[in-house]
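S.K.: After the sequence you'll find the predicted model.
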Amino acid sequence: MIFVSNHRKVNIRKLETSDFDALILYFQNLSESTKKRFGPHAFDKQTLIDLYAAPTDFIGFIAIETNTGIIVAYIIIKAGYLQHDSFRLQSYGLTPDHETDCTFAPSVADLWQSSGLGSAMFGYIIQYLKASGIKRIILWGGVQSNNEKAINFYKKHGFRTLGQFEYHGMNEDMIMDLFNLNNTSHKDAKF
Ligand SMILES: CC(C)(COP(=O)(O)OP(=O)(O)OC[C@H]1O[C@@H](n2cnc3c(N)ncnc32)[C@H](O)[C@@H]1OP(=O)(O)O)[C@@H](O)C(=O)NCCC(=O)NCCS
């Protein structure tokens, strides 16, 4: 999928193993403030190999500037839920479901934030998740309560707050229900 902003064009697609070096560069160029907001995993090559090189529960999506080949956004999705979040999720009365839940962490390069790119990626990913039989999207470790940009982003896209918890400051657990599932075969389109 192509997204255009200020005459700059990016291609949104799934992460492939050949993207790992470009993705490491992306991590290295993130500002400290973005890294404080986004840290689902270590930003080294071995971690990427462990997460993505063989079929696993993880899938990555990237946005690449078409004229430079530079990665400008990265989103990771895990099938199901994080084990260390499950106790908290259950405390809100939720029953986490490994088959139909997924866990989500988005990031956009600093210079591209607030350009609509995160929303474009989210729209693209939603289609993929619906086709995979996913019914709920859970935030990966919640979102920091003072991360106004991200909280606005999630609310705009239909997430609701489940509750708050303390971890290096206050955080919000948020979730989105995916309604209007189409009838694409779930078995054919797994992670
Ligand atoms: C959160 C993030 C993924 C959103 O992506 P984005 O491309 O910046 O967002 P978009 O441009 O698509 O904006 C969508 C909505 O987000 C909110 N938003 C975006 N930028 C904002 C800003 N500077 N201030 C307040 N709200 C903002 C708005 O609700 C906006 O909708 P609007 O344009 O109709 O006002 C991105 O800003 C990011 O990577 N932030 C740093 C890392 C991070 O916080 N990740 C989430 C960890 S939980």
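M.R.: Great, that's in hand. Residues are numbered from 1 along each chain as shown.
S.K.: ok, now which ones touch residue 23?
M.R.: Residue 23 makes contacts with 15, 48, 60, 62, 71, 74, as judged by C-beta atoms under 8 Å, 6 or more residues apart in numbering. For glycine as for every other residue, the C-beta is placed from the backbone atoms N, C-alpha and C.
S.K.: Name the nearest residue to the first one, ignoring sequence neighbours.
M.R.: Nearest residue to residue 15 in three dimensions, chain neighbours excluded: residue 60, at 3.2 Å (C-beta to C-beta, 6 or more residues apart in numbering).
S.K.: my guess is residue 126 contacts residue 178, does it?
M.R.: Yes - Residue 126 is within contact range of residue 178, at 7.0 Å (criterion: C-beta atoms under 8 Å).
S.K.: shared neighbours of those two, which are they?
M.R.: When C-beta under 8 Å, 6+ apart defines a contact, no residue borders residue 126 and residue 178 alike.
S.K.: Next step: the contacts of residue 23 restricted to helices.
M.R.: Judged by DSSP state H, the subset of the contacts of residue 23 located in helices is residue 48.
S.K.: and whatever residue of the chain ends up closest to the ligand, how far is that from residue 37?
M.R.: Using C-beta to the nearest ligand atom, the single residue of the chain nearest to the ligand is residue 118, 2.2 Å away. Distance, residue 118 to residue 37, by C-beta to C-beta, to the nearest Å: 12 Å.
S.K.: Which of the two has more residues huddled nearby?
M.R.: Remark: of residue 118 and residue 37, residue 118 carries more neighbours, 22 against 17, as counted by other C-beta atoms under 10 Å.
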